[in-house]
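Novice: build me a model:
(one chain, ligands or ions: 2)
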Amino acid sequence: MSTEESSRRGLILINTGPGKGKTTAAMGTALRAVGNGMRVLMLQFLKGSWHYGELDSTQAFGQNFVLKQMGRGFVKVGGAETDPEDIRMVQAAWVEAREAIMSGEWDMVVLDEINYAIGYGMLDPAEVVETLRNRPEMVHVILTGRNAHPSLVEIADTVTEMREVKHAYQKGILAQRGIEF
Ligand code: ATP
Ligand code: MG
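Specialist: Ligands and ions are numbered 1, 2, ... in the order given. Model (predicted):
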């Protein structure tokens, strides 16, 4: 076994913060992994109503890069107002995510926007921490979304906070094809 192989281990990465680039950086890392012969599953918590370009581009990679939208694409924020249907979908997404991580079938699992689901109180961070701690040791996991929970930041290996310098939206420019979707 080469030194590189013997030192290989699964990492936990978090892309958080208010600036743009959390999901797309995760996809860039996924693309890098797929190029190394690794199999990547990306589960998008909360997303569902928009058609993102990456849904089509990942299909070119067949079963080596699988992207699934697990939500409805819009969520009412706030405890009492949270729609039970959204909670049910987040819970279902989490069950699938946990099984995928534990199965050892995937070299990398991306949990896109999971930080929002946790932030909205739709998913218990302690459950996520427990799964990540007990996962097969070679599996890389990437979590995205603003306001990453402190308990997840603590167990992560690499945490990046995107800082907003400016965003086109502030000038009234609406979401652009190829940039936002
Ligand atoms: P991306 O998917 O482009 O990498 P992201 O994952 O960092 O963005 P999210 O919080 O998931 O950002 O928000 C998704 C959408 O909101 C994207 O279309 C993105 O362009 C837009 N967005 C992200 N940050 C900002 C911001 N600071 N102001 C306005 N819109 C934003
Ligand atoms: Mg995102």
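Novice: quick one: name the residues of this structure near ligand 1.
Specialist: Residues of the chain lying near ligand 1 by CB under 6 Å from any ligand atom: 18-24, 113, 144, 146, 162, 164, 167, 169, 175, 180. Yep, even glycine has a C-beta here, placed from its N, CA and C like the rest.
Novice: next step: those residues restricted to helices.
Specialist: Among those, the members falling in helices (DSSP state H) are Lys22, Thr23, Thr24.
Novice: and the gap between the last one and Pro84?
Specialist: Thr24 sits 31 Å away from Pro84 when distances are taken as CB to CB, to the nearest Å.
Novice: please say which of those two ends up with more neighbours.
Specialist: Thr24 (14 against 7; other CB atoms under 10 Å).
Novice: give the contact list for that one.
Specialist: If you count contacts by CB atoms under 8 Å, 6 or more residues apart in numbering, Thr24 has none.
Novice: pick out the residue in the protein sitting closest to ligand 2.
Specialist: Thr23 (3.2 Å; CB to the ion).
Novice: what sits against that residue?
Specialist: Contacts for Thr23 (CB under 8 Å, 6+ apart) come out as Asn15, Asp112, Glu113, Thr144.
Novice: let's see if you can find the most crowded of the residues you listed.
Specialist: Top of the contacts of Thr23 by neighbour count (other CB under 10 Å): Thr144, with 28 neighbours.
Novice: reformat the contacts of Thr23 as JSON lines; add pLDDT.
Specialist: Shown next, in JSON lines, are these (pLDDT from 0 to 100):
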{"residue": "Asn15", "pLDDT": "98"}
{"residue": "Asp112", "pLDDT": "97"}
{"residue": "Glu113", "pLDDT": "97"}
{"residue": "Thr144", "pLDDT": "98"}
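Novice: quick check: residues of this structure near ligand 2?
Specialist: Lys22, Thr23 (CB under 5 Å from the ion).
Novice: quick one: the residue nearest to Glu161 when sequence neighbours are not counted and Arg163, what's the gap?
Specialist: Nearest non-adjacent residue to Glu161, counting by CB to CB, 6 or more residues apart in numbering: Gly17, 3.6 Å away. In this view, Gly17 and Arg163 are 6 Å apart by CB to CB.
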